[in-house]
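1. What would the 3D arrangement of this be:
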Amino acid sequence: MEQQYVVGVDVGGQTSKIGIVDARGVVLVQSVIRSDNHVEPEGFVSELAEAIKALIVKSGKEGQIRGIGVGAPNGNYYSGEIAFAPNLAWAATAVVPFSKMLSEALGGLKVTLTNDANAAAMGEMAYGAAKGMKNFIMITLGTGVGSGIVINGEVLYGSDGFAGELGHTIAIRHNGRQCGCGRFGCLEAYCSAIGVARTAREWLEMSDEPSVLRDIDKITSKDVYEAAKEGDKLAIKVFNYTGKILGASIADFIAFSAPEAIVLFGGLARAKEFLYEPVLNSMNENVLSLWRGKVKLLFSQLKESDAAILGASALAW
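-> Below you'll find the model as predicted:
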């Protein structure tokens with residue numbers, strides 16, 4: 001039977017999304033499992049393999065799957081390993097031979113792995129806001145901050161497969177927050193979903209400013225977004241602060257690759273009505289005049305789940 005379908009998997013810090021994809025880039029069916037229910041890689045890989053098998057059966061494509069493409073934090077395209085991924089409890093302190101483990105759990109199906117942001121960039125380049133572009137940077141704003149750098153139409157992997165960790169460049173140089181990676185002042189510590197929630201909590205503790213967020217025990221970035229939509233001044237200020245930091249970092253990123261566009265993607269990017277102006281203004285205030293006003297700031301045109309699944313699936317063809 002001809003193998004006309006592939007599986008795309010997007011491994012995130014909290015959930016992992018799985019999709020069956022055809023040769024035209026149509027996601028036929030998809031499902032979701034938790035990524036944060038396991039502390040050992042064996043448990044997660046086993047659950048993921050069973051979910052993939054179940055989805056293949058549901059799609060009616062048994063025997064027609066060519067391979068599996070996976071995008072994951074700190075995923076190494078060259079080695080098939082996930083190494084020291086701070087947002088994955090089961091891979092935070094070790095190097096996990098992920099492709100090998102998943103392939104064995106699926107009876108030998110070929111598994112190809114890349115960084116999750118690289119996968120999202122591939123999906124956006126093929127089907128979304130970056131279609132037709134050969135030079136752009138995808139920045140994923142989720143549990144962490146990732147990035148996929150595309151130069152001359154190719155994803156940049158570097159000498160060891162880990163190029164593009166822009167979330168772990170230093171955004172705040174003095175008295176910066178500790179990041180999940182162990183360093184201080186990383187962009188991820190401020191501009192991820194976790195970072196936005198942390199900013200809100202810190203500001204509530206430091207001021208008496210009225211805010212609907214004071215009535216919430218465990219504030220999330222979604223809570224901050226919902227409050228901002230209601231006109232909450234503190235929540236709006238949190239997004240202004242976040243956008244200012246992100247824009248300044250983007251100005252530095254532009255200097256080394258001269259991209260046509262920056263594409264923002266991920267759960268936090270849904271708050272684009274509160275992020276666009278602060279990010280754009282900060283980016284243009286801080287970028288060299290050579291690029292001021294030239295680089296587009298775009299938001300993903302694909303559904304969050306589809307972009308990463310499609311990008312990951314492209315690895316399997």
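2. Could you list the low-pLDDT ranges of the stretch 201-317 of the chain?
-> Within the stretch 201-317 of the chain, the stretches with pLDDT under 70 are 304-305.
3. element containing residue 28?
-> strand 27-34 (DSSP states H and E).
4. which of the residues in that strand are buried?
-> Neighbour-count burial for strand 27-34 flags 27, 30, 33 (criterion: 16 or more other C-beta atoms under 10 Å). Bear in mind the C-beta positions are built from the backbone N, C-alpha and C, glycine included.
5. now that strand: how far from the chain's centre is it?
-> Between the centre of strand 27-34 and the centre of its chain there are 17 Å (C-alpha atoms, centre = their mean, to the nearest Å).
6. Stretch 194-204 too?
-> With C-alpha atoms, centre = their mean as the basis, stretch 194-204 stands 20 Å off its chain's centre.
7. How far off centre is whichever strand or helix holds residue 281?
-> Assigned by DSSP H and E, residue 281 belongs to helix 272-286. Centre-to-centre, helix 272-286 and its host chain are 19 Å apart (C-alpha atoms, centre = their mean).
8. Which elements pack onto it?
-> helix 233-257, strand 261-265, strand 296-299 (3 or more C-beta pairs under 8 Å, 6 or more residues apart in numbering; DSSP states H and E).
9. closest to residue 312 out of the ones you listed?
-> Residue 312 lies closest to strand 261-265 among the helices and strands packed on helix 272-286, at 13.4 Å (C-beta to C-beta).
10. angle of the closest one against helix 272-286?
-> Strand 261-265 runs at 150 degrees relative to helix 272-286, counting by axes from the mean of the first three to the mean of the last three C-alpha atoms, to 10 degrees.
11. Give me the buried positions along strand 261-265.
-> 261-265.
12. next one: stretch 174-193
-> 176-177, 179-181, 185-193.
13. Based on its surroundings, how many neighbours for residue 54?
-> 12 (other C-beta atoms under 10 Å).
14. That one: what's its closest spatial neighbour, skipping adjacent residues?
-> residue 31 (7.4 Å; C-beta to C-beta, 6 or more residues apart in numbering).
15. Hmm, residue 18 and that neighbour touching each other?
-> Yes - using C-beta atoms under 8 Å, residue 31 makes contact with residue 18 at a distance of 5.2 Å.
16. Mutual contacts of these two, please.
-> 51, 55 (C-beta atoms under 8 Å, 6 or more residues apart in numbering).
17. For residue 186, see how far away residue 163 is.
-> Counting by C-beta to C-beta, to the nearest Å, the gap from residue 163 to residue 186 is 17 Å.
18. quick one on the thing from earlier: which elements pack onto the strand holding residue 28?
-> Partner elements for strand 27-34 (3+ C-beta pairs under 8 Å, 6+ apart): strand 15-22, helix 41-59, helix 304-314.
19. again, only using 6 Å
-> strand 15-22, helix 41-59 (3 or more C-beta pairs under 6 Å, 6 or more residues apart in numbering; DSSP states H and E).
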